[in-house]
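[1] need the 3D shape of this:
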Amino acid sequence: MICIGIEGTAEKTGVGIVDSDGKILASVGKALIPESGGIHPREAAEHHAANIVPLIKKSLEESGLFLKDIDLVAFSKGPGLGPALRTVATASRSLSLMLNKPIVGVNHCIGHVEIGKLTTGSVDPVTLYVSGGNTQIIAYESGKYRVFGETLDIAMGNCLDQFSRSVGLGHPGGPKVEEMANKSDKYIKLPYTVKGMDLSFSGLLTAAIRKYESGESIEDVCYSLQETAFSMLVEVTERAISHAKKREVLLCGGVAANTRLREMLAVMSEEHYVDFFMPPMKYCGDNGAMIAWMGQLMYKNRLVTGTSDTSIIQKYRTDDVNVPWMKSSKISLKLPPSMVEKGAEANIYTGHWMEQEVLIKKRIPKSYRIDELDNHLRRKRTKREAKLLGEAKRCGVKTPIIYDINKEENAIVMENVEGFILKKIFEDIDDSEKPNISVKNLCEKIGRNIAKLHNCNIVHGDLTSSNMILKNDDVYFIDFGLGMISDLVEDKGVDLLVFKKAISGIHHNIAENCFKSILKGYKSASDYEKVVTKVNDIESRGRYKSNLES
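    The predicted structure is shown next:
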């Protein structure tokens, strides 16, 4: 079985040919380089229209095949620029009809994951996918690739491109910024915005531009922009590893070309006892081979439906796609015996304080971050967590007792709450060793406690089932390191949305009903209507909802 794949979600036109054994027979492409400004959708469509046929011919020459040898046509169904997607879909339908061969539209993002697995041997990774139009942290769970985290505004590549254009470096921004960054080692403080496993780059972009405009050297600003943005990316990837317990990390997307990002992920992976993978550079960016290989996977699993189902989906969600060919690895993350837990924020150890059995939460240095940034974050988060644990108690929310704070080691000695981590309860609600409890009632209780926090203007910042403990009939909230004091409806809405996405990622069977119950319990929040409306508003923004186009 020979599949030809046509890619064209943004500025690059790509054509690839892959056989059913996963052998890449051809992969050719041509990128649109804008004279000024960003990528215009109409110009991208015109670029694709002019290059698809020549690239098909070139791919056939590279593979040594003829059109009559093609058995299947695959194309990028989305996500991407509407005019560009429609041009590729039209060309693919025409080719399918001319050859009288089946056609299948595939998800562009999953294509990146699958070509990464094919070319590296990775089996079940947490994938950091960073490109001009997408920034996602993806991992497989029960039939689908779940989005554990993503940008809440602009993508990483878009951030670099916009910055580069704004300061006169030109397009594409990634290589330009990296070149300038390599000439500096002076760090300038910039906004570091991590919200659970989600990120925000718009504030970072604005601040970086302002620093340059205020007289800071371009080399220093580029260095600081890279270090800040990439540290955020690596941290949320590490957070996803801790939550999903995977043993592999895969990097893909056009921004993977950056040497510093690759270095940081490799260091984090080694420190976290996981294997790091990255495809050859020609398969990191958009390419036709990944579309062809996705076509093969979908054909093998009888997911090809014909030309009647070749509409594009401009906002095609990664987690909208069933992936029956994928299975979870039986090998999970293993930690040293002395360590209770290893997270993106800290390591947890058992210990004793005044003859009391306690837990010691220590924010150890992160070697992937530069010292200036790492020291600042660890000090700030240790201090913030200690404060918010106490503030939450005053608001009626159960939290561990703090016995001691070691500022030199950024460590907190706290009560060992002997209960059940909610993640384990949700994973197997019928386990005889766990309390017999209604998910509905438990989720309502969680909602009431979140309302108490928000009524005191406490935003937890990292609401996941790993950060709550059920002891007797009480829910204890832990890990306030990303928390803040804020009365902004936006921050409270993001707080709830972070939890919704966290439970959807690994507890999808109960996620919908649980979140409904959480909102029911949350009705005691003083600004309930505004916050829930804001959650829906954030969720309906560009990257969250699918939108079908013909």
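[2] dihedrals phi and psi, residue 469?
    The phi/psi pair for residue 469 (degrees, to the nearest 10) reads phi -130, psi 130.
[3] ok, it touching residue 421?
    Yes: applying CB atoms under 8 Å, one finds residue 469 in contact with residue 421, separated by 5.9 Å. Yep, even glycine has a C-beta here, placed from its N, CA and C like the rest.
[4] who has more neighbours out of those two?
    residue 469 (22 against 17; other CB atoms under 10 Å).
[5] so what's that one bridging to?
    residue 421, residue 476 (DSSP bridges).
[6] residues touching it, list them.
    By CB atoms under 8 Å, 6 or more residues apart in numbering, the contact list for residue 469 reads 417, 419, 420, 421, 422, 475, 476, 478.
[7] from residue 318, how far out is it?
    Using CB to CB, to the nearest Å, residue 469 is found at 31 Å from residue 318.
[8] what's the pLDDT at the residue nearest to residue 196 when sequence neighbours are not counted?
    Excluding the flanking residues, the one nearest residue 196 by CB to CB, 6 or more residues apart in numbering is residue 498, at 3.6 Å. pLDDT for residue 498: 90.
[9] work out for me the element residue 498 sits within.
    If you go by DSSP states H and E, residue 498 is part of helix 489-506.
[10] list the buried residues in that helix.
    By 16 or more other CB atoms under 10 Å, the buried positions in helix 489-506 come out as 489, 491-506.
[11] residues touching the residue nearest to residue 196, list them.
    Contacts of residue 498 (CB under 8 Å, 6+ apart): 195, 196, 197, 198, 461, 462, 463, 464.
[12] list just the nearest of the residues you listed to residue 266.
    residue 197 (20.3 Å; CB to CB).
[13] what about the residue nearest to that closest one when sequence neighbours are not counted, which SS state?
    Nearest residue to residue 197 in three dimensions, chain neighbours excluded: residue 149, at 2.9 Å (CB to CB, 6+ apart). Put simply, residue 149 is strand when judged by DSSP: H, G, I helix; E, B strand; the rest coil.
[14] ok, residue 149 - contacts?
    By CB under 8 Å, 6+ apart, the contact list for residue 149 reads 136, 137, 196, 197, 198, 199, 236, 239, 240, 501.
[15] and if you look at residue 513?
    439, 440, 443.
[16] how about residue 227?
    Residue 227 neighbours (CB under 8 Å, 6+ apart): 181, 187, 260, 369, 370, 373.
[17] out of those residues, what pair is the most spread apart?
    181 and 369 (14.8 Å).
[18] pLDDT wise, what is the residue nearest to residue 197 at?
    89.
[19] beta partners for it?
    residue 137.
[20] that one and residue 270, how far apart?
    21 Å.
[21] follow-up on the earlier one: pick the one among the contacts of residue 513 closest to residue 302.
    Top of the list for closeness to residue 302, among the contacts of residue 513 and by CB to CB, is residue 439 at 34.1 Å.
[22] quick one: residues contacting that closest one.
    With contact set as CB under 8 Å, 6+ apart, residue 439 has these partners: 426, 429, 510, 513, 514, 517.
[23] which residues sit in contact with the fifth one?
    It refers to residue 514. By CB under 8 Å, 6+ apart, the neighbours of residue 514 are 426, 439, 440, 443, 503, 507.
[24] please apply the same query to residue 421.
    Applying CB under 8 Å, 6+ apart, the residues near residue 421 are 465, 466, 468, 469.
[25] skip the chain neighbours and tell me the closest residue to the third one.
    Taking CB to CB, 6+ apart, and ignoring the residues beside it in sequence, residue 468 has residue 422 as its nearest neighbour in space, at 4.3 Å.
[26] per-residue confidence for the residue nearest to the spatial centre of the chain?
    Nearest to the mean C-alpha position of the chain, by CA atoms, centre = their mean, lies residue 137 at 2.1 Å. pLDDT, residue 137: 95.
[27] so how far is residue 10 from it?
    20 Å.
[28] residue 401 now?
    Distance from residue 401 to residue 10, by CB to CB: 52 Å.
[29] moving C-terminal of the helix holding residue 498, what's the next helix or strand?
    Assigned by DSSP H and E, the successor of helix 489-506 is helix 508-521.
[30] what average pLDDT does the helix or strand just after that next one get?
    Proceeding N to C from helix 508-521, the next assigned helix or strand is helix 528-539, under DSSP H and E. Mean pLDDT, computed over helix 528-539, is 91.
[31] run through who's touching helix 528-539.
    152, 451, 454, 489-490, 492-494, 496-497, 500, 519, 522, 525, 544-545.
[32] relative to helix 508-521, how tilted is it?
    With axes from the mean of the first three to the mean of the last three CA atoms, to 10 degrees applied, the angle from helix 528-539 to helix 508-521 works out at 150 degrees.
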